[in-house]
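>>> For reference, the sequence and a predicted model appear below.
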Amino acid sequence: MKKWTSILGGLAAFAVFAAPTEGQTPDIKADASLLMDVETGKILYSDNIDELLPMASMAKMMTEYLVNEAIEEGELSWDDEVSISEEVAALSQNESLSNVYLRTDGTYTVEDLYEALAIESANGATIALAEAVAGSEEAFVEQMNEKAEEMGIDEYEFVNSSGLNNASMDGYHPEGTDADAENQMSARGTAQLAYHLLQDYPEILEVSSTEETVFREGDELDEMNMTNWNHMLGGTDFSHAYEGVDGIKTGNTDAAGFAFTGTVEQEDTRLLSVVMRTNSIDARFEETETLYDYGFDEYSAGEVITEGEQTEEYPVLSVPDGQEQEVDIVAATDLSLPIIEGEEDLYSTSAVLSEEALDEDGALSAPIEAGDEVGRIALNYEGENGDIYLSDELENNATVPLVAAEDVERSNWFVLSMRSIGDFFSGLWDRTTETVGGWFS
């Protein structure tokens, strides 16, 4: 498997770490698919990413998020004991669904149930967690939809906590939802959900990367072997094992086909992928492998803006009331982005000044401290492959602050007075010479 190489020295200093494949853009056999760079939020590949589609058990990522949030806020702890309702116990005995067996005469820790959710994709355990967080699955579904809106996801509909089609829940689906309803989300929305899960709770990968474990080991009544449904996990004996894969969630229903939201990290590069509605268990992993190979083989991390560099538009700004009457304006940080090999020259930069930082004459006012932001440098793409980001918020990752390079102290009143007098006589002289010149023209 290929790894990205970080390349320094600006747009002209790129190195090839793998020969580009002829044809380059892959043909992914899925109803929707997406590949993105997690650090920048830049989408490297996309196909039909805004259509609302059934997401099956990938919906459990939202349950994971809300469980972790409840623990972070002190409303729940990993050691809390959870009682099992009769409905959940009955559903957990359904061998046609992914499950671990749960009993009404016992209790299970939040950690037990969470591992069953993340590794075995256990549906009964998922609903039990939903009830533990919100009191009922109905209330939990409300939280799921509210959180999706809070995350800025546009295309989504949650109807239960597990991702099952409601018709598979033996009549126990949440009140207020249709008997055959199913969770839906776009590929972009699914990636946004996964992105927030990784950013806010990266520790979830410790569980999602577990190849196999035992549920309630040592308990004669509940002990059960669990094997991860993610057959791409790196360092395993799975047939689709891919170096660096450590998450996140598979899904399958009749309506959703076979889906997978995955993530892979090689060296310092983490990619996130979504494939929806492929036609087999193997296909969802094969198409994801194609995406990962494309991402690692075709893209290089290039430093496109260098800390301290100046722009052609605004190398300096005027500071009329400063001890120095100009200040250098520079990029505050480096900016590195994944760029397709051979497209380095299709990127350019432009500077936009902040109206709030300038007076009506477009000048700065002293005092100024080094590092004060006066605008931003944006990266512009002029190619045909598109340069899009997972969200408008993440598109800001393609900009860096434009800042003052050094301190500028305010001049004292005497100096400012002398400058005003000098400006007056300079202006008077200019007007006089213009007038006299007009006499003889």
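Looks like it came in fine.

>>> right, and the secondary structure at the most centrally placed residue in the chain would be what?
Residue closest to the mean C-alpha point of the chain, counted by Cα atoms, centre = their mean, is Tyr195 at 3.8 Å. Judged by DSSP: H, G, I helix; E, B strand; the rest coil, the three-state class of Tyr195 is helix.

>>> from memory it sits against Glu39, does it?
No - the criterion here is Cβ atoms under 8 Å, and Tyr195 misses it with Glu39 at 10.8 Å. (Each C-beta comes from the backbone N, C-alpha and C, glycine too.)

>>> Now stretch 380-395: average pLDDT?
Model confidence over stretch 380-395 averages 86 on the pLDDT scale.

>>> What residues of it count as buried?
Using 16 or more other Cβ atoms under 10 Å as the test for burial, stretch 380-395 gives 381, 387-391, 394-395.

>>> contact partners of it?
Stretch 380-395 has contacts (Cβ atoms under 8 Å, 6 or more residues apart in numbering) with 25, 36, 40-43, 46, 152, 188, 191-192, 195, 340, 343, 346-350, 397-398.

>>> Narrow these to just the buried residues.
Buried members of the contacts of stretch 380-395, counted by 16+ other Cβ under 10 Å: 36, 40-43, 46, 188, 191-192, 195, 340, 343, 346-347, 349, 397-398.

>>> Quick one: mark the members of these that sit in helices.
Counted as lying in helices by DSSP state H, out of the buried ones among the contacts of stretch 380-395, are 188, 191-192, 195.

>>> So which of these is the closest to Glu206?
Tyr195 (18.1 Å; Cβ to Cβ).

>>> what about the closest residue to Asp372 other than its chain neighbours, distance to Gly322?
Excluding the flanking residues, the one nearest Asp372 by Cβ to Cβ, 6 or more residues apart in numbering is Ala404, at 4.8 Å. Separation of Ala404 from Gly322 (Cβ to Cβ, to the nearest Å): 10 Å.

>>> Quick one: neighbours of Glu373, just the number.
The number of residues packed near Glu373 is 13, by other Cβ atoms under 10 Å.

>>> same deal with Gly251?
Gly251 has 26 neighbours, counted by other Cβ under 10 Å.

>>> Show me how the chain divides into domains.
The chain breaks down into these domains under automatic domain parsing: 16-299, 306-404, 414-441.

>>> how about the helices in the stretch 1-150 of the chain?
Along the stretch 1-150 of the chain, counting by DSSP state H, counting those that start in this stretch, helices occupy 60-72, 86-92, 110-115, 123-134, 137-150.

>>> Quick check: mean pLDDT of the first one?
The predicted model gives helix 60-72 an average pLDDT of 98.

>>> Residues touching that helix, excluding its own?
76-78, 110, 114, 117-118, 121, 126, 129-130, 133, 140, 143-144, 147-148, 158, 161-163, 190, 193-194, 196-197, 200-201, 204, 248-249, 251, 261.

>>> Can you select the buried ones among these for me in ChimeraX?
Remark: buried members of these, expressed as a ChimeraX selection using 16+ other Cβ under 10 Å:
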select :76,110,114,117,118,121,126,129,130,133,140,143,144,147,148,158,161,162,163,190,193,194,196,197,201,204,248,249,251,261
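
>>> low-scoring stretches of this protein, by residue?
Low-confidence segments of the chain (pLDDT under 70): 1-23, 412-441.

>>> Quick one: residues contacting the residue lying closest to Val316 once chain neighbours are set aside.
Spatial nearest neighbour of Val316, excluding adjacent residues (Cβ to Cβ, 6+ apart): Glu326 at 4.6 Å. Contact partners of Glu326, counting by Cβ under 8 Å, 6+ apart, are 316-319.

>>> Could you report the neighbour count for Asp254?
11.

>>> That one is in contact with Asn165, isn't it?
Yes - using Cβ under 8 Å, Asp254 is in contact with Asn165, at 7.1 Å.

>>> where's the nearest residue to Ile153 once chain neighbours are set aside relative to Asp359, distance?
Spatial nearest neighbour of Ile153, chain neighbours left out: Gly189 (4.2 Å); criterion: Cβ to Cβ, 6+ apart. Noted for Gly189: a distance of 44 Å to Asp359, by Cβ to Cβ.

>>> Is there a neighbour count for Ala32? I'd like the number.
22.

>>> how much space between Glu406 and Pro320?
Distance from Glu406 to Pro320, counting by Cβ to Cβ: 17 Å.

>>> who has more neighbours, the two?
For the pair Glu406 and Pro320, the greater number of neighbours falls to Pro320 (17 against 12), based on other Cβ under 10 Å.

>>> Can you classify that one as helix, strand or coil?
At Pro320 the chain is in coil, as set by three-state DSSP.
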